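Colleague: just a sequence and a predicted model for now, questions to come.
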Amino acid sequence: MLDKTKSMSEYEKPLVEEPELSYTLPSYLYTDVDVYEHEKERIFYRTWQMVAHQGTFQKAGDYCTVQICDQNLFVMMGSDQQLRGFYNVCQHRAHELLPPGTGNVGSLVVCPYHAWAYKTEGALHGAPRSSNRPGFDKADYSLKEVRLEVFLNCVFINLDDDATPLSEQAADLEADIRERVPYFDELKAPTLGMLGDGHINAGWKVVVDNYVECYHCDHAHHDFANIISMDTYQQDTFGLWARQIGGDIRQDNTAYELDDDAPVMQSLFWFLWPNMTFNILPGSQEMNFSVIRPLTIDTCDFSGQSLSVTGVFDERRANYTIDVLMPEDIALCESVQRGLKSKGYTQGPMIVDPERSGRGEHAIHHFHRLVQKALKA
Ligand code: FES
Ligand SMILES: [Fe+2]
């Protein structure tokens, strides 16, 4: 059994402020189910979680469900055109109200079990035969609402009523993305795209570890390292986020064909604590918004939406990311998750160069420090 107060923050080998002296989080933090329970409360039930791009919600009754660990929720546009987030649970006998995914309920959310009906703003509209119950007051049975914020055109929710707004926590991220993506507000038509959706037999931290470093890119992503120059790759960390910038794009490359007049000639990847990514690859003006959703201590799903300025998606790039790049990373992550269970491994060193180059692992250190701090809090 874990000693939660000690083992969450003090490790055999140090994870300290200096990345070049630090070791990784110890492997039990990636394998112990108690740790996952801890992470739910300390991380996922108190951080801002992306649900969908705001373009997903156009008219009253439009909804999108989201799974945050054990909690199922949905965001809906009310008849007053306001977006609200609710736990996806009926106040009568706890049946889930909406099936997974997106859709439109019309004017009422009707529970599939006994047909209690809720308005799109969350108030109970009607409950069959409830007049038989003395003192029954519909006002006592509104849906349970959660915090909601639109940030970077995306709808986020937070289960913690006291959470600091994301616009305050990550104002510098918003400024950075808007500066580097001048077409950001022109991105439209959210759809599945670029990175696709999928399941990974690895925990969410393994997937983030893999996402935030490109130490592995030369060796494990030959085509990626062929289209994007690793020699000038940049990797920087900030408060709650990290950024990778790849330039010197090779027109004649092995990853995918680029048009001669391709407007985007760099790659940009942003990671927002704890589990969201914004992704741009060279080519046409598209952006992918993706989230890594923990399922258990050692499995997760990833899902996202891609948007483009023209409404058209570059299939060549999508095919490369879905058929080559993602499978390469998924295989790496799944092997690491198996390795983390090995009695032959506990912690590894961070490999960080003084220049903080794009081949260094300083962003893993940044992420591990955020995990360490969150679990200690
Ligand atoms: S559980 Fe929803 S109406 Fe009974
Ligand atoms: Fe990778």
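Modeller: Looks like it arrived, so ask away. Computed from a predicted model, the values in this text were never measured in an experiment. Ligands and ions are numbered 1, 2, ... in the order given.

Colleague: how about the residues of this structure by ligand 1?
Modeller: Applying C-beta under 6 Å from any ligand atom, one finds that the chain approaches ligand 1 through C90, H92, R93, H95, C111, Y113, H114, A115, W116. Every residue, glycine included, has its C-beta placed from N, CA and C.

Colleague: list the contacts of the fourth one.
Modeller: Under the criterion of C-beta atoms under 8 Å, 6 or more residues apart in numbering, the contact partners of H95 comprise V89, C111, P112, Y113.

Colleague: how about the residues you listed in TSV, adding pLDDT, neighbour count and secondary structure?
Modeller: Conversion of the contacts of H95 to TSV gives the following (pLDDT from 0 to 100; neighbours: other C-beta atoms under 10 Å; DSSP: H, G, I helix; E, B strand; the rest coil):
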residue	pLDDT	neighbour count	secondary structure
V89	98	18	coil
C111	98	21	coil
P112	98	11	coil
Y113	98	13	coil
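
Colleague: check those and tell me the two furthest apart.
Modeller: Largest separation among the contacts of H95 by C-beta to C-beta: V89 and P112, giving 12.3 Å.

Colleague: in the helix or strand encompassing P327, what's buried?
Modeller: Element membership for P327 (DSSP states H and E) is helix 326-340. For helix 326-340, burial by neighbour count (16 or more other C-beta atoms under 10 Å) applies to M326, E328, D329, I330, L332, C333, E334, V336, Q337, L340.

Colleague: packing partners for that helix?
Modeller: For helix 326-340, the elements it packs on are helix 28-31, strand 198-200, helix 204-211, helix 217-220, judged by 3 or more C-beta pairs under 8 Å, 6 or more residues apart in numbering; DSSP states H and E.

Colleague: which one of the contacts of H95 sits closest to P263?
Modeller: Taking C-beta to C-beta as the measure, V89 is the one of the contacts of H95 closest to P263, at 45.2 Å.

Colleague: contact partners for the closest one?
Modeller: By C-beta under 8 Å, 6+ apart, V89 lies in contact with N72, H95, E96, L97, K144.

Colleague: now, which of those residues sits nearest R369?
Modeller: Nearest member of the contacts of V89 to R369, counting by C-beta to C-beta, is N72, at 30.8 Å.

Colleague: and that closest one, how far from ligand 1?
Modeller: Going from N72 to ligand 1 by C-beta to the nearest ligand atom, to the nearest Å gives 14 Å.

Colleague: I'd assumed E96 was in contact with that residue.
Modeller: Yes. With contact defined as C-beta atoms under 8 Å, N72 and E96 form a contacting pair (6.2 Å).

Colleague: what is in contact with these two at once?
Modeller: With C-beta under 8 Å, 6+ apart as the test, N72 and E96 both reach N88, V89.

Colleague: contacting residues for W270?
Modeller: Shown in contact with W270 (C-beta under 8 Å, 6+ apart): L173, D176, I177, W241, A242, R243, T277, F278, N279.

Colleague: mind listing what the third one touches?
Modeller: I177 makes contact with L152, F184, W270, F278 under the criterion C-beta under 8 Å, 6+ apart.

Colleague: check for me that it belongs to a helix.
Modeller: Yes. Remark: I177 belongs to a helix, assigned using DSSP: H, G, I helix; E, B strand; the rest coil.

Colleague: distance of the closest residue in space to D218 that isn't next to it in sequence from ligand 1?
Modeller: Closest residue to D218 apart from its sequence neighbours, by C-beta to C-beta, 6 or more residues apart in numbering: A225 at 4.9 Å. Going from A225 to ligand 1 by C-beta to the nearest ligand atom gives 53 Å.

Colleague: with P14 instead?
Modeller: P14 is 51 Å from ligand 1, by C-beta to the nearest ligand atom.

Colleague: tell me which element that residue falls in.
Modeller: Per DSSP H and E: P14 is located in neither a helix nor a strand.

Colleague: returning to what we had before: in TSV, list the helices and strands packed on helix 326-340 along with distance to N104.
Modeller: Shown next, in TSV, are the helices and strands packed on helix 326-340 (distance: least, C-beta to C-beta, whole Å):
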stretch	distance to N104
helix 28-31	40
strand 198-200	26
helix 204-211	31
helix 217-220	42
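
Colleague: can you give me phi and psi for G122?
Modeller: According to degrees, to the nearest 10, the main-chain angles of G122 amount to phi 100, psi -10.

Colleague: what sits against it?
Modeller: G78, R84, F86, S142, L143, E145.

Colleague: now it. Nearest residue, chain neighbours left out?
Modeller: Of all residues not flanking G122 in the chain, L143 sits nearest, at 4.0 Å (C-beta to C-beta, 6+ apart).

Colleague: torsion angles phi and psi at the one you found?
Modeller: phi -60, psi 150.

Colleague: how near is the closest residue to P263 other than its chain neighbours to ligand 1?
Modeller: Distance criterion C-beta to C-beta, 6+ apart; nearest residue to P263, sequence neighbours excluded, is Q285 at 5.7 Å. For Q285, the distance to ligand 1 equals 44 Å [C-beta to the nearest ligand atom].

Colleague: give me the number of residues near Q285?
Modeller: Around Q285 there are 19 other residues, counting by other C-beta atoms under 10 Å.

Colleague: do I have it right that it meets M265?
Modeller: No. Using C-beta under 8 Å as the test, Q285 is too far from M265 to be in contact (11.5 Å).

Colleague: ok, the closest residue in space to N153 that isn't next to it in sequence - how many residues close by?
Modeller: Of all residues not flanking N153 in the chain, Q54 sits nearest, at 5.3 Å (C-beta to C-beta, 6+ apart). By other C-beta under 10 Å, the residues close to Q54 number 17.
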